[in-house]
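Asker: All I have is the shape, not the residue letters:
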């Protein structure tokens, strides 16, 4: 079992920055591929970014590419999402997730999920 707890959400003005953190506990964190997803009101949960369990390989949704950066610190059992140049359309609940099976952008490939943290971008 892996427990995930997100933090760092809040209210930010358009064009500003925010850093989300996801602290993991339980099984060996370094063995999991990690992802960030988000869900806006009335919409389905969607992929944002993912990072492989080993090395620094990352992948981003087109909507955040060049603005968001995913990173991880295996020594601290934490994955981060640095959000820069945020837009009102980035408003959503952000979830981190862990997968032992695949490095994937698909929700169903992730085994463990956090409870989410709200990000609200004002215009």
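Answerer: Now that the structure is in, tell me what you want to look at. Everything quoted here is computed from the prediction, not taken from an experiment. Residues are numbered from 1 along each chain as shown.
Asker: The residue nearest the centre of the chain: what secondary structure?
Answerer: When C-alpha atoms, centre = their mean is applied to the chain, the residue found nearest the centroid is residue 36 (2.3 Å). When classified by DSSP: H, G, I helix; E, B strand; the rest coil, residue 36 comes out as strand.
Asker: Tell me which residues touch it, please.
Answerer: 20, 22, 48-50, 70, 79, 81, 94-97 (C-beta atoms under 8 Å, 6 or more residues apart in numbering). C-beta: built from backbone N, CA, C; applies to glycine.
Asker: Inside strands: which ones of these?
Answerer: With strands taken from DSSP state E, the overlap with the contacts of residue 36 comprises 20, 22, 48-50, 70, 79, 81, 94-97.
Asker: List just the nearest of those residues to residue 116.
Answerer: Distances from residue 116 to the ones in strands among the contacts of residue 36, taken as C-beta to C-beta, are shortest for residue 95 (4.7 Å).
Asker: Could you report the pLDDT at residue 55?
Answerer: With respect to pLDDT, residue 55 scores 69.
Asker: oh sorry, the question was meant for residue 16
Answerer: 98.
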